[in-house]
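Undergrad: fold the stuff below for me.
(one chain, ligands or ions: 1)
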Amino acid sequence: MRKTLIATTVTAALALAACSDNSAPQQTTAQQPAAEVTTAAEVVSSNPLMVKSTLQYEAPNFTEIKDEHFLPAFEEGMKQHMTEVLAIAGNPEPATFDNTLVALEKSGELLTRVSRIFYNLAGSSSNPQRREIQSEMAPKMAAHSDNINLNPQLFARIKSLYNQRNDLGLDAESVRLIEVYYDRFVRAGAQLTEEQKTAIRALNEEHSKLTNQFSQNLLAETKKIAVIVDTKEELDGLSESQITAAANAAKEAGHEGKYLLSITNTTRQPVLSQLSNRELRKRVWEASANRNQSGETDNRPIVARLAQLRAERAKLLGYDNWASYGLESQMAKTPQAVFDMLGSMVPAVIANTNKEAAAIQEMIKQKGGDFELQPWDWEYYGEFVRQAKYDLDENEVKQYFEFDRVLKDGVFYTFNRLYGIRFEPRPDLPTYHPDVKAYELFDADGSSLAIFYADYFAREGKRGGAWMSSFVGQSKLLGQKPVVVNVMNIPKAPEGEPTLVSYDNVTTMFHELGHGLHGMFSDVNYPTLAGTSVSRDFVEFPSTFEEDWAAHPEVIANYAKHYKTGEPIPAELLDKVMKSRSFNQGFDTLEYMSAALLDMEWHSLSADEPLQDVNEFEAAALKKHGVNLAAVPPRYKSAFFSHSMGGGYSAGYYAYMWSEILAADAFAYVQQQGGLKLENGQNYRKNILSVGNSRLPMESYKAFRGQEPTTDALLIRRGLKTKVD
Ligand SMILES: [Zn+2]
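TA: Numbering: from 1, shown residues only. The predicted structure is shown next:
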């Protein structure tokens with residue numbers, strides 16, 4: 001998804017899942033399905049999902065698949081998978097790599113196939129029937145997964161292999177597979193005594209109750225605190241259509257004749273850049289920032305208890321705190337590594353934020369204001385500063401980015417220059433919508449690598465944002481080559497007119513095909529380790545790395561041409577586009593970093609610490625790291641920090657920036673090595689793109705780069721530091 005992490009953290013949150021492979025986990029298996037009326041043989045004969053597709057690389061035959069095929073295929077898939085897993089767990093022979101891990105890797109073929117096809121279509125082409133299937137399958141798939149991960153016989157076999165993993169004469173990838181399986185089971189609690197398991201289950205139950213309550217409170221309160229405005233005059237700065245929408249929203253909420261401004265999820269609110277009425281800006285900002293910190297929907301007691309409860313859970317599993325537990329399976333490895341990474345950026349970020357604040361304060365003065373800059377003023381006066389500095393007309397820019405040219409002469413061209421690959425149209429392969437185009441990917445030596453579906457245009461039933469996913473994963477063990485899709489939401493021009501693309505979407509096309517190549521260049525044995533199955537703080541690296549090619553001089557010269565005249569984009573206009581991208585990056589980076597630090601601090605508490613006072617804890621944490629600027633509050637405060645408290649990003653909010661650091665460092669390194677050329681592409685492909693999760697990510701990075709990354713290139717990329725060399 002979108003790459004400038006800061007500006008799009010929420011989208012990015014969804015994107016991370018979305019941006020990587022979004023199919024259901026592979027080695028989940030299930031409960032006993034209800035007895036089927038039809039026999040297995042009858043089902044198989046009439047349901048195309050039940051058998052491998054005979055199309056190239058098992059590409060799904062979309063013309064034959066109907067929605068009514070999914071549920072029976074899921075049921076049968078879970079049944080088959082469970083039978084296989086129980087046979088592996090109950091095998092009377094001692095555990096061997098083949099009879100346990102290879103067998104597990106080969107199990108669940110049908111369930112994997114139907115999951116991948118279904119969850120892809122549910123995201124890109126949803127309908128009521130598919131949504132119903134999704135709701136029905138969610139708890140069943142979760143239970144299926146638990147039944148496998150908590151199977152003690154199965155864990156005993158994995159553990160015995162783990163203990164002798166270096167004496168089995170296995171290759172490095174196979175040893176890595178054992179480690180990945182072992183960690184997964186241990187982290188789920190497989191090692192605990194019965195008593196500890198009971199304690200964990202109790203903590204889990206309380207945890208799920210509290211996170212659910214947190215989200216419910218947040219949802220209720222965010223609705224309740226919408227700002228009601230009495231007069232149209234107060235809305236000065238909004239467009240007519242925004243005002244009409246506000247009037248309609250007020251009417252719907254029972255405030256006919258007034259205007260309603262709803263509150264979005266972050267501390268900062270988009271309307272603050274438009275509203276000229278300072279009192280109203282303040283009301284909007286305070287409604288947002290003080291959210292869930294009083295009354296019945298006060299989330300602070302929940303935050304305090306969640307932090308404590310996670311620390312207790314970590315202690316049971318043998319860790320000092322929740323962050324240590326969470327980071328062990330990530331590239332960062334330890335909380336200290338994250339604190340060091342963020343800490344090394346603080347001085348440059350603060351210096352830039354102060355500069356931005358000074359420019360805004362000056363603008364306030366110019367506009368006749370006599371007050372000190374407050375958080376609710378930042379965006380409004382910042383917009384004047386931006387206009388004064390850049391004066392960029394998006395519509396003028398778009399005329400140089402015509403869709404077909406961007407794809408062929410920009411994206412495909414770059415990847416041909418870097419990796420020697422070619423994308424050939426395959427109109428003979430069925431797709432799931434007429435807008436979706438199929439390609440076959442060929443390597444430099446002419447050999448065929450993968451099938452790629454390009455699904456770029458917005459349409460009804462498609463979830464927002466952009467992502468990459470796979471219909472078929474790569475595995476030498478299973479003899480499978482990748483079948484990959486990129487999905488975006490570019491507004492399509494009417495029939496017969498060229499589609500013009502924003503520069504933002506141009507970089508997203510590079511980004512998503514970056515994920516795509518991570519999937520399509522995968523060259524590993526085991527499906528569990530293939531392609532984008534890497535840690536959360538690594539997965540956005542290969543995609544973000546490709547973004548900056550969009551602006552590389554040789555690439556730009558090849559594709560950024562006026563859609564009518566074919567004239568190249570004027571240097572001055574291009575310069576403005578690039579410069580405007582670093583506008584307000586001090587603020588954007590700081591508000592993100594503050595939230596990431598807050599998330600890490602909450603989850604660095606040990607189980608022995610008392611319940612914390614949330615506001616005091618928050619203030620102390622920001623002060624400790626030197627990021628407590630009054631005008632730039634954290635992107636989320638604890639009471640409405642869903643990623644950290646309600647969702648699955650506890651001790652993980654830093655991950656977006658971690659990936660971007662790798663991407664920026666790698667891209668800068670490649671430029672030093674001569675930029676757009678095959679040798680660079682081959683090094684990157686061999687050490688990063690083709691290895692999936694078959695070795696530790698930092699090992700891969702050092703193999704490619706010769707050293708660990710630093711944050712310098714990221715700061716330069718964001719315009720927060722000037723080039724030294
Ligand atoms: Zn992405």
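
Undergrad: looking at it, residue 291 is touching residue 641, isn't it?
TA: No - when contacts are counted by Cβ atoms under 8 Å, residue 291 is not listed as touching residue 641 (10.4 Å). For glycine as for every other residue, the C-beta is placed from the backbone atoms N, C-alpha and C.

Undergrad: the more surrounded of those two?
TA: Higher neighbour count among residue 291 and residue 641: residue 641, with 29 against 23, using other Cβ atoms under 10 Å.

Undergrad: ranges for the strands of this structure?
TA: Assigned strands in the chain, in chain order: 227-229, 259-261, 422-425, 437-442, 448-457, 467-472, 483-490 (criterion: DSSP state E).

Undergrad: possible to save these as CSV with mean neighbour count and distance to the ion?
TA: Output for the strands of the chain, formatted as CSV (neighbours: other Cβ atoms under 10 Å; distance: least, Cβ to the ion, whole Å):
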stretch, mean neighbour count, distance to the ion
strand 227-229, 19, 34
strand 259-261, 22, 31
strand 422-425, 14, 20
strand 437-442, 19, 19
strand 448-457, 22, 15
strand 467-472, 26, 7
strand 483-490, 23, 10
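
Undergrad: in a markdown table: the ones you listed, plus mean pLDDT.
TA: As requested, the strands of the chain are exported to a markdown table (pLDDT from 0 to 100):
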| stretch | mean pLDDT |
| --- | --- |
| strand 227-229 | 97 |
| strand 259-261 | 96 |
| strand 422-425 | 98 |
| strand 437-442 | 98 |
| strand 448-457 | 98 |
| strand 467-472 | 96 |
| strand 483-490 | 96 |
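
Undergrad: residue 586: which of the ones you listed is closest?
TA: strand 259-261 (26.8 Å; Cβ to Cβ).

Undergrad: show me what the closest one is packed against.
TA: Judged by 3 or more Cβ pairs under 8 Å, 6 or more residues apart in numbering; DSSP states H and E, the packing partners of strand 259-261 are strand 227-229, helix 240-252.

Undergrad: give me the residues contacting that strand.
TA: 226-230, 232, 234-235, 243, 246-247, 249-250, 253, 271, 284 (Cβ atoms under 8 Å, 6 or more residues apart in numbering).

Undergrad: and which of those residues is nearest to the ion?
TA: residue 271 (27.8 Å; Cβ to the ion).

Undergrad: so what's the residue count around that closest one?
TA: If you count neighbours by other Cβ under 10 Å, residue 271 ends up with 22.

Undergrad: next one: residue 657
TA: 24.

Undergrad: tell me the spacing between it and the ion.
TA: 14 Å (Cβ to the ion, to the nearest Å).

Undergrad: could you double-check that that residue sits in contact with residue 590?
TA: No - Residue 657 is beyond contact range of residue 590, at 11.8 Å (criterion: Cβ under 8 Å).

Undergrad: what sits against the nearest residue to residue 665 once chain neighbours are set aside?
TA: Among residues not flanking residue 665 along the chain, residue 709 sits closest, at 3.7 Å (Cβ to Cβ, 6 or more residues apart in numbering). Applying Cβ under 8 Å, 6+ apart, we find residue 709 in contact with 661-662, 665-666, 701.

Undergrad: hmm, 6 Å instead?
TA: Residue 709 sits next to 661-662, 665 when contact means Cβ atoms under 6 Å, 6 or more residues apart in numbering.

Undergrad: any chance of those in CSV, plus pLDDT?
TA: Compiled in CSV, the contacts of residue 709 are given as follows (pLDDT from 0 to 100):
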residue, pLDDT
661, 94
662, 96
665, 97
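
Undergrad: let me know the closest of those residues to the ion.
TA: residue 662 (12.9 Å).

Undergrad: could you count how many residues lie near the residue of the stretch 501-650 of the chain found nearest the ion?
TA: Proximity of the stretch 501-650 of the chain to the ion (Cβ to the ion) peaks at residue 543, 4.1 Å away. For residue 543, the tally of surrounding residues (other Cβ under 10 Å) stands at 29.

Undergrad: these two touch, right, it and residue 514?
TA: Yes - look at residue 543 against residue 514 with Cβ atoms under 6 Å: they come within range, at 3.7 Å.

Undergrad: give me whichever of the helices and strands packed on strand 259-261 is most buried.
TA: Of all those, strand 227-229 carries the top mean neighbour count, a mean of 19, counting by mean count of other Cβ atoms under 10 Å.

Undergrad: pull up the pairing partners for it, direction included.
TA: Counting by DSSP bridges, the strands paired with strand 227-229 are strand 259-261 (antiparallel).

Undergrad: and of the contacts of strand 259-261, the nearest to residue 324?
TA: Among the contacts of strand 259-261, and counting by Cβ to Cβ, the member closest to residue 324 is residue 284, at 38.9 Å.

Undergrad: so what's the closest one up against?
TA: 227, 269.

Undergrad: then residue 502?
TA: residue 398.

Undergrad: name the nearest residue to residue 625, sequence neighbours excluded.
TA: residue 597 (4.9 Å).

Undergrad: okay, the one you found: pLDDT?
TA: Looking at residue 597, its pLDDT is 98.

Undergrad: what's the neighbour count on it?
TA: Residue 597 has 24 neighbouring residues, counting by other Cβ under 10 Å.

Undergrad: I'd guessed it sits against residue 624; true?
TA: No - counting by Cβ under 6 Å, residue 597 stays clear of residue 624, with 8.4 Å between them.

Undergrad: not counting residues beside it along the chain, what's closest to the residue in the stretch 551-700 of the chain positioned nearest to the ion?
TA: With Cβ to the ion, the shortest gap between the stretch 551-700 of the chain and the ion falls at residue 659, namely 8.4 Å. Excluding its sequence neighbours, the residue lying closest to residue 659 (Cβ to Cβ, 6+ apart) is residue 540, at 3.6 Å.

Undergrad: okay if I get the strands of the chain as CSV plus distance to residue 80?
TA: Below are the strands of the chain laid out as CSV (distance: least, Cβ to Cβ, whole Å):
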stretch, distance to residue 80
strand 227-229, 55
strand 259-261, 52
strand 422-425, 36
strand 437-442, 29
strand 448-457, 26
strand 467-472, 18
strand 483-490, 22
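
Undergrad: and for the residue of the stretch 201-350 of the chain found nearest the ion, the neighbour number?
TA: For the stretch 201-350 of the chain, the residue closest to the ion is residue 331, as judged by Cβ to the ion, at 15.8 Å. Neighbourhood size, residue 331 [other Cβ under 10 Å]: 22.

Undergrad: pLDDT wise, what is the nearest residue to residue 136 once chain neighbours are set aside at?
TA: Nearest non-adjacent residue to residue 136, counting by Cβ to Cβ, 6+ apart: residue 71, 7.2 Å away. pLDDT recorded at residue 71 is 96.
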